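>>> What shape does this take:
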Amino acid sequence: MLYSCKTATDPKEKTDALLIEGTVDHWDQEAGSINRMGFFVDPIIAGTIESNGDFKMELPENFLELTKAAFAKANSQEGATYELIVPTAQETFPNTEGLHFMGAETPAALAGKYYGFEVLRNGTPVTFVFAASTASFIQHLLHPEEHLAEKGWFYYFIYVNKPVSIEGTTNFTSLFSNTSDESFESSWSYDLEMKPGWNIIKQEVTDLTTSEEAKYTADSGVKVSTVESLPSQINWISIPTLNLNL
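Got it, this is the predicted structure:
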């Protein structure tokens, strides 16, 4: 049964399927279906969100194989623009040069779209839900040149079939914008230990920096880590599909 699975807030039950449940803050919409798949593939419903914002969804134990099969189906369609391939851990986690990285070539299947989950109503996407500090934090994550940076965090879910670990801190120089030559120093710290099966990842922006004329803000300190479970009082936020401009 669905409720016999390991839950995202209870790490004691050790099965491969993952049950995620919670309540979306300030939910003012009708009930909908939650899609666990990503872009360019057919939706697969993971669960439902009720009209009061309560939801339950299951991420299955064979998610990597499901993702590969969905990609193969999409790739076989006439007119497919490019080949979908499950990314490796090294392709999934940025700014890891020089760090201790075990399992870099391991396939890493991300649940949902852009770290959140699409909600469908009558088959039509209407909103996304994210486990995140604020909606504005997610907006900056997805469109950094259009939204101001802010401190905050989000959680996402990755399935691997082999252990993956990344440890250490890397410092590097980045540009504030593709249209500006002004740069800033950034630091990314990893404390990542992924086991075969589902893993919950927390990414947190701890420090910010601002350009000389305060035209741009950027993340100057980021921490990425695995966690055993989601906090019991975690924020689940909703952002309408049209507002995400994906």
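
>>> I'd like the distance between V41 and I85.
Distance of V41 to I85, computed by CB to CB, to the nearest Å: 12 Å. Heads up, the C-betas are built off the backbone N, CA and C, glycines and all.

>>> Which residues are in contact with each of those two?
Here V41 and I85 have F71 as joint contacts, going by CB atoms under 8 Å, 6 or more residues apart in numbering.

>>> which one of these two has more residues nearby?
In this view V41 and I85 are compared by other CB atoms under 10 Å, and V41 has more residues nearby, 18 against 11.

>>> Let me know the secondary structure of the residue lying closest to the more buried one once chain neighbours are set aside.
Excluding the flanking residues, the one nearest V41 by CB to CB, 6 or more residues apart in numbering is A70, at 4.0 Å. Here A70 is recorded as helix under DSSP: H, G, I helix; E, B strand; the rest coil.

>>> Pull the contacting residues for A70.
M37, V41, D42, I44.

>>> burial of K215, as a residue count?
Applying other CB under 10 Å, we find 11 residues neighbouring K215.

>>> my bad, should have said S76
8.

>>> now it: how far from E118?
23 Å.

>>> quick one: the residue of the chain most remote from its centre from E150, how far?
Distance to the chain centre peaks in the chain at E213, reaching 32.2 Å (criterion: CA atoms, centre = their mean). E213 sits at a distance of 19 Å from E150 (criterion: CB to CB).

>>> And G123, by the same measure?
Distance, G123 to E150, by CB to CB: 34 Å.

>>> Mind checking which of those two has more residues around it?
More neighbours surround E150 than the other of G123 and E150, with 15 against 7 (other CB under 10 Å).

>>> The more buried one: what's it in contact with?
T134, S136, F137, H140, V205, L208, T217.

>>> how deep is the fifth one tucked in, by neighbour count?
Think V205. There are 21 residues near V205, going by other CB under 10 Å.

>>> Model confidence score at it, please.
What the model reports as pLDDT for V205 is 97.

>>> Go through this protein and flag its longest strand.
strand 197-210 (DSSP state E).
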